[in-house]
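Novice: model this:
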Amino acid sequence: MDRLDDDHPVFNCVYDLRGPMSRLQVPTSSFGTRTTIPTIHSPNCRPFSAAKAPEMHVHALLDDRRRMMILAIHNSDVSDCWEREGENELYFRRYSERIAYPLGINIIFYLMTH
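Specialist: Model prediction:
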C-alpha cells in the first residue's frame, strides 16, 4: 500500500483539504454527548491507537496502472460522521460538515475521474 501525503490530488480535487493530516482526524462520536462534542484530546477518549500511532494516515492500494483500488484511513473515524450525523448536532457541525463530507466528496470525485 502507498501512503498518501496531504499533497495528493485526492485532498484538493474538489475541496482544498491540504495541510497537516491532523486537521482531518476525527474522533469516534461515542465519546461525546448531545451537548458536547468529542475531540481527540477529550479526557478518557481513546478513539485511536494513540500509544503506537497517534497520527492519522491515509493509504491506497494501487493497481499496476497506478489507479486507486482501495483507500484506507487509519486513526480517524471519518465513517462515524457519515453514518451517525443525526445523533449529535455539535459533532455533525464540527466534523461531518467541515471534514467528513468534503473528504468523501473528494474521494468519490477522484475515484470517478482517475
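Novice: Walking through the chain, point out its strands one by one.
Specialist: For the chain, applying DSSP state E gives strands covering 2-4, 57-62, 68-74.
Novice: Just the buried residues of the first one, please?
Specialist: So that's strand 2-4. Leu4 (16 or more other C-beta atoms under 10 Å). Backbone N, C-alpha and C define where each C-beta goes, glycine included.
Novice: how about stretch 101-114: buried residues?
Specialist: Tyr101, Pro102, Leu103, Gly104, Asn106, Ile107, Tyr110.
Novice: gap between the helix or strand of the chain with the lowest mean pLDDT and the chain center?
Specialist: Least confident element among the helices and strands of the chain, by mean pLDDT, DSSP states H and E: helix 89-91 (a mean of 85). Taking C-alpha atoms, centre = their mean, to the nearest Å, the mean C-alpha location of helix 89-91 is offset from the chain mean by 16 Å.
Novice: quick revisit: just the ones of the buried residues of stretch 101-114 in helices?
Specialist: Among these, DSSP state H puts Tyr101, Pro102, Leu103, Gly104, Asn106, Ile107, Tyr110 in helices.
Novice: now the residue nearest in space to the middle of the chain, nearest residue through space, not along the chain?
Specialist: The centroid of the chain falls nearest to Val78 when counting by C-alpha atoms, centre = their mean (4.1 Å). Spatially, and ignoring its direct neighbours in sequence, Val78 is nearest to Ala100 (4.8 Å; C-beta to C-beta, 6 or more residues apart in numbering).
Novice: which residues does the one you found contact?
Specialist: Contacts here follow C-beta atoms under 8 Å, 6 or more residues apart in numbering; on that basis Ala100 touches Val26, Val78, Ser79, Cys81, Trp82.
Novice: how many neighbours does the fourth one have?
Specialist: Cys81 is flanked by 24 other residues according to other C-beta atoms under 10 Å.
Novice: Quick check, pLDDT for the residue nearest to the centre of the chain.
Specialist: According to the prediction, Val78 has pLDDT 89.
Novice: How about the contacts made by it?
Specialist: Leu24, Val26, Ile99, Ala100, Leu103, Gly104.
Novice: Looking at the fourth one now. What's its pLDDT?
Specialist: The predicted structure scores Ala100 at 94 on the pLDDT scale.
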